[in-house]
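> 3D, please:
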Amino acid sequence: MPPDEACRPLEPGKWTVRALLPQPRSQVDLLAAYAVPDSARGDRSFVRCNMVSTLDGAIAVQGRSGSLGSPGDRRVFGVLRSLADVILVGAGTARAEGYGPARLGDELRARRVERGQSDAPPIAVVTGTGELDGRTPFFADAVEPPIVLTTELGAAAAHRSVGDVARVRVAGANRVDPFRALDELNRLGHRHVLLEGGPGLNGDLVRAGLLDELCLTLSPRLVAGAGPRVLAGPELASPLDLDVVHLLEEDGFLFWRLVVRRRD
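Numbering: from 1, shown residues only. Purely as a prediction, here's the structure:
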């Protein structure tokens, strides 16, 4: 999502989003609809992924996802960010989308404070090399210092480039390990993780069995091309089954909330 969309303050307000499943309803309270389940309040991290996709599976046009969304998508995007303890994103996605600090409107900030959270969630960026630019708004304008999850090989570069404006944590030897990354976030008190991509990072967490929910906006568009999908990397050994929590709709856009079906 481009910086003007990602940083625009969003309020719950009067929504026109309606529910299709599990029960049809003409009005939806998005904060209630996306509330973190009680089962996620243990010691283990709760990981929720938020993505947008076209009908033919594209998650970006010319490398960016912003043109695929809608006002309803931006509202869901803001609500999901407001509920999270931390936002997790790959460095490539943060650069391509022009990420800035997470910004929320007054009501969403107030609801976070009521829940005992900070005014806005920090953003944790995953980078194997540690090569980052501390002069970008992502670092320079951050209210909550970003977290850099890097490797033993990339730690020196990360400390050198952003060590004075971010918290650098090592989460792997020559690649960032998903388990170690979540452990580092846990140590910082961040158990509810909102994963925003890209596809490679999404795939890593899915293969590690760490994904709990997928919130997918289905955009009523076709773009063709050979762009990335929600997940990248090798085909899964077996399809990952998900169950529907809800399906919402606004102006032809569908908003799925899906929970990963745990195998016994």
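> What strand or helix carries residue 244?
Applying DSSP states H and E as the criterion places residue 244 in strand 242-250.
> Kindly report the same for residue 204.
helix 199-207.
> all helices of the stretch 51-200 of the chain, in order?
Listed in chain order, the helices of the stretch 51-200 of the chain (DSSP state H, counting those that start in this stretch) span 71-83, 91-96, 106-114, 137-140, 155-162, 178-187, 199-207.
> could I get those as TSV with distance to residue 56 and mean pLDDT?
C-betas here are computed from N, CA, C, even on glycine. Output for these, formatted as TSV (distance: least, C-beta to C-beta, whole Å; pLDDT from 0 to 100):
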stretch	distance to residue 56	mean pLDDT
helix 71-83	17	94
helix 91-96	20	94
helix 106-114	33	94
helix 137-140	31	94
helix 155-162	37	97
helix 178-187	28	97
helix 199-207	15	97
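> Tell me which other helices or strands the strand holding residue 244 touches.
strand 18-21, helix 71-83, strand 253-260 (3 or more C-beta pairs under 8 Å, 6 or more residues apart in numbering; DSSP states H and E).
> Count residues in the vicinity of residue 164, would you?
Counted by other C-beta atoms under 10 Å, the residues lying close to residue 164 total 10.
> Can you give me the distance of it to residue 153?
With distances taken as C-beta to C-beta, to the nearest Å, residue 164 is found 21 Å from residue 153.
> re earlier: would you reformat the helices of the stretch 51-200 of the chain as a markdown table and include mean neighbour count and distance to residue 232?
Below are the helices of the stretch 51-200 of the chain laid out as a markdown table (neighbours: other C-beta atoms under 10 Å; distance: least, C-beta to C-beta, whole Å):
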| stretch | mean neighbour count | distance to residue 232 |
| --- | --- | --- |
| helix 71-83 | 22 | 21 |
| helix 91-96 | 20 | 11 |
| helix 106-114 | 14 | 31 |
| helix 137-140 | 18 | 22 |
| helix 155-162 | 19 | 23 |
| helix 178-187 | 19 | 14 |
| helix 199-207 | 21 | 4 |
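> Out of these, the one nearest residue 261 is which?
Nearest to residue 261, of all the helices of the stretch 51-200 of the chain, is helix 199-207, at 12.9 Å by C-beta to C-beta.
> Could you list the residues in contact with that closest one?
With contact meaning C-beta atoms under 8 Å, 6 or more residues apart in numbering, helix 199-207 is reached by 47, 49, 51, 59, 88-90, 92-93, 126, 178, 195, 211, 228-233, 236, 240.
> repeat for stretch 252-260
Residues from elsewhere that reach stretch 252-260, judged by C-beta under 8 Å, 6+ apart: 17, 20, 33-34, 69-70, 72-73, 76, 211-220, 240-249.
> Now do the phi/psi pair for the residue nearest to residue 18 when sequence neighbours are not counted.
Nearest non-adjacent residue to residue 18, counting by C-beta to C-beta, 6 or more residues apart in numbering: residue 26, 5.2 Å away. Dihedral pair for residue 26: phi -90, psi -20, per degrees, to the nearest 10.
> tally of neighbours for residue 26?
8.
> any idea how far residue 76 is from it?
Counting by C-beta to C-beta, the gap from residue 26 to residue 76 is 17 Å.
> Show me what whatever helix or strand comes next after the helix holding residue 204 packs onto, helices and strands only.
Counting by DSSP H and E, the next helix or strand C-terminal to helix 199-207 is strand 213-219. Judged by 3+ C-beta pairs under 8 Å, 6+ apart, the packing partners of strand 213-219 are strand 46-54, helix 71-83, strand 253-260.
> Of these, give the one that comes closest to residue 189.
Closest approach to residue 189 among these (C-beta to C-beta): strand 46-54, 13.4 Å.
> With just CA atoms, put the closest one into PDB.
Output of strand 46-54 as PDB, limited to C-alpha atoms (Å, rounded to 0.1, in the frame of the first residue of the first chain):
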ATOM      1  CA  PHE A  46      -0.700 -14.900  17.200                       C
ATOM      2  CA  VAL A  47       0.100 -14.200  13.500                       C
ATOM      3  CA  ARG A  48      -2.500 -12.600  11.200                       C
ATOM      4  CA  CYS A  49      -1.700 -11.900   7.600                       C
ATOM      5  CA  ASN A  50      -3.400  -9.100   5.600                       C
ATOM      6  CA  MET A  51      -3.200  -9.000   1.800                       C
ATOM      7  CA  VAL A  52      -5.200  -7.800  -1.200                       C
ATOM      8  CA  SER A  53      -5.600  -9.900  -4.400                       C
ATOM      9  CA  THR A  54      -7.300  -9.500  -7.800                       C
END
